[in-house]
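Trainee: give me coordinates for this.
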Amino acid sequence: MTLGEKIAKLRTEHRLSQSDLAERMGVSRQSISKWETGSSIPDLDKLVSLSNLFEISLDDLVKTQIPIKEMNTRASESSRPSAEYSTRKITGWMLLGTGLLSVVLGTAFNLLLAFLGLYLILCGFICLFIKKHPGLLIGWGTLLPCAFLLPRFSSANMNMIFHPIVYQRAFTLQLVISYALWIALFLLIIATIKSTNLKTHTWLLVGWIVLSQVYGFIPIAFRYTEDTIKYYLILSWCTVIYFLALLFFTGRHLYRHLRIRTQN
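Mentor: Alright, predicted model coming up:
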C-alpha cells in the first residue's frame with residue numbers, strides 16, 4: 001500500500017472528506033488529492049501532523065515510502081529560512097525606513113506626506129510581524145477604507161460605473177478611479193481565493209460580495225408604503241431570503257471549522 005493509499009484509507013476510516021482534512025492540515029483540498037494520488041508527498045511537518053491526527057506512528061504511516069535520508073533532507077530544508085520569508089523581512093524594513101523618512105519630511109514640509117509615511121510604517125510592521133499572507137492583509141486593509149471613505153472626500157465612488165448618466169459626459173477622473181477600485185477588488189478576490197482555503201468555498205465568498213451590492217433592498221421589505229413599487233418589494237424580500245441563506249451556510253461552515261479545531 002502506497003503512502004497516498006494509506007492517507008486515503010485513514011481519512012475514510014475517520015469519516016473525513018478531503019476538504020475536512022485540508023482544513024486540519026492547513027492546506028488546500030487539491031493538495032490532499034495530490035497526496036492520495038501520489039502526485040506529491042507531504043512535507044515532514046505534515047507527515048507528523050497526519051500521524052498525530054490518525055493516531056498512528058510516523059514509521060507505520062510512511063514505512064518504506066520515504067527513505068530516512070530524504071526525510072532528513074526535507075527536515076533540513078524546512079528548517080532553513082525560505083526565500084519568501086527573507087523577502088518579506090526585507091520588504092518590511094524598506095517600508096519602515098521609507099515611512100519614517102516620509103514622516104520626518106512631512107512634518108517639515110507637507111502633512112499629507114507625513115500621513116503617507118504613517119501608512120508605510122503600518123505596512124512595514126505588517127510585513128515584519130505577520131508571516132502568513134501579509135500582502136493580502138495590506139491589500140484589503142488599503143482597498144476597503146479607500147472604497148468606504150472616497151465618497152466622503154470626493155465625488156468618486158464604486159457604484160458610479162452602474163449609472164448611465166455618468167457616461168454621457170467625458171471620461172472623468174472619478175470614473176477612472178471607480179474602475180481602478182473594481183479592478184483592484186477583483187484582483188484581491190482572485191489572490192485571496194488562490195492563496196487561502198477560501199478556494200474550497202468560492203461560492204460562499206462570491207455570495208457575500210453579491211450581497212454587498214444589493215443589501216440596500218433589505219430595508220424596503222420592512223418599510224412598505226403605497227409608494228413602494230410591487231416588484232421592488234418582491235426583490236427586497238428575495239434579498240432578505242438570500243441574506244438568511246448566506247448566514248445559514250456561513251454559520252454551518254464556521255461550526256464545522258470550529259468543531260474540527262476543537263477535535264485537534
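Trainee: by mean pLDDT, flag the weakest helix or strand of this protein.
Mentor: Ranking every helix and strand in the chain by mean pLDDT, DSSP states H and E puts helix 68-79 at the bottom, with a mean of 50.
Trainee: what mean pLDDT does the helix or strand just after that one have?
Mentor: Going down the chain from helix 68-79, the next helix or strand is helix 83-108, by DSSP states H and E. For helix 83-108, mean pLDDT rounds to 82.
Trainee: and helix 83-108, what does it pack against?
Mentor: The contact analysis (3 or more CB pairs under 8 Å, 6 or more residues apart in numbering; DSSP states H and E) places helix 83-108 against helix 111-129. Any C-beta I mention is one placed from the backbone N, CA and C, and that applies to glycine too.
Trainee: which strands and helices lie in contact with the helix it packs on?
Mentor: Looks like helix 111-129 contacts helix 83-108, helix 134-153 (3+ CB pairs under 8 Å, 6+ apart).
Trainee: what separates it from the chain centre, distance-wise?
Mentor: 22 Å (CA atoms, centre = their mean, to the nearest Å).
Trainee: residues in contact with that helix?
Mentor: Contacts with helix 111-129, where a contact means CB atoms under 8 Å, 6 or more residues apart in numbering, come from 88-89, 91-107, 134, 137-138, 141.
Trainee: report the buried residues of that helix.
Mentor: 113-114, 116-117, 119-124, 126-128 (16 or more other CB atoms under 10 Å).
Trainee: tell me which of the helices and strands packed on helix 111-129 sits nearest to Lys230.
Mentor: helix 134-153 (30.6 Å; CB to CB).
Trainee: list the buried residues in that closest one.
Mentor: In terms of neighbour count (16+ other CB under 10 Å), helix 134-153 has its buried residues at Pro134, Gly135, Ile138, Gly139, Trp140, Ala147, Leu150.
Trainee: picking that back up, save the helices and strands packed on helix 111-129 as a markdown table, and put in distance to Ala184 too.
Mentor: Listed next are the helices and strands packed on helix 111-129 as a markdown table, based on distance: least, CB to CB, whole Å:
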| stretch | distance to Ala184 |
| --- | --- |
| helix 83-108 | 19 |
| helix 134-153 | 5 |
